[in-house]
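Participant: need the 3D shape of this:
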Amino acid sequence: MKSPLDRGAFKTRIRTGEITYGTFVGLASSVAVEIAAVGGMDWVLLDLEHGAGGEDQVGPTVLAAGAYGITPLVRIESAERIRIGRVLDAGVAGVMIPRIETVEQVHEVVKHFSTPPYGDRGVATYNRGARWGRDLEFLNAPSKATCIIQIETLGALEKVEEIACVEGVDILFVGPADLSFALGIPRDFKNPKYLDALTKVVLACKNQGKQPGILAFDSAGAVEYRKLGFTFIAIGSDSTLLANAFTKVLEEAKGEK
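Facilitator: Numbering: from 1, shown residues only. Model (predicted):
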């Protein structure tokens, strides 16, 4: 039977090193997800940390993305077990964890993805993630969901090689704004300290068979990050891309550009 669920397909793509592109969904709109899909994105990431929506938008995001054959991911607010379990129950293909500081935190996060004996995720089968009790494969193996750990604090950057060693982690994702602030060079993305940090993340991933990810603010940034070795690349968000499009068309219409 056809299903909108990913069942580990994206995790397999990521582990081969395939370059993928997506965008953050901050408007909490399944229509925005559809538009991103029609635009050719490989994945969308519903942002529960900074976006306008909450967990009630996860289900519609999974269905909208699945209908178009792209991958639904979610950034949760924090790393608690219940937050990860809730979005996995809703059927997402992967979860991004913000504000990581230590290797110990990462080990705990990975446990939250899988049910016992592989982890400590709560067991429930009457949800979309289990196809309403018709698919219990996830109970018999480690999770097939993609685990994305953000590198945006000095603690995470310092321990990035050790974090990359953790079994179950798939992507180390740089949060450019937070990392630049942590480094004491707010939004100075050309600063050698920032570029050295990016190199450190890419090398850690390369050494441990993980994939480096990052947020680019536009297509030119995406090209530069790809050249640096990043393979999981977000290009802006639905709201910023829309705002930029409005600004550009008005400037052109008024003859200002």
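Participant: which stretches of this protein form helices?
Facilitator: 9-15, 30-38, 58-68, 81-89, 103-113, 154-158, 160-164, 176-182, 192-208, 219-228, 238-253 (DSSP state H).
Participant: so the fifth one versus helix 81-89, what angle?
Facilitator: Spelled out, it's helix 103-113. 40 degrees (axes from the mean of the first three to the mean of the last three CA atoms, to 10 degrees).
Participant: alpha carbons of helix 103-113, as CSV, please.
Facilitator: Extracted C-alpha coordinates of helix 103-113, given in CSV (Å, rounded to 0.1, in the frame of the first residue of the first chain):
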residue,chain,number,x,y,z
VAL,A,103,28.9,14.5,23.6
GLU,A,104,26.9,13.0,26.5
GLN,A,105,23.9,15.0,25.2
VAL,A,106,24.3,13.4,21.8
HIS,A,107,24.4,9.9,23.2
GLU,A,108,21.1,10.6,25.0
VAL,A,109,19.6,12.0,21.9
VAL,A,110,20.4,9.0,19.8
LYS,A,111,18.7,6.8,22.5
HIS,A,112,15.5,8.8,22.1
PHE,A,113,15.2,7.8,18.5
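Participant: what residues does that helix touch?
Facilitator: If you take CB atoms under 8 Å, 6 or more residues apart in numbering as the criterion, helix 103-113 is touched by 79-81, 84-85, 88, 95, 97, 100, 119-121, 142-143, 145, 147, 149, 159, 162-163, 166-169. For the C-beta atoms, the positions are set from N, CA and C on the backbone; glycine is no exception.
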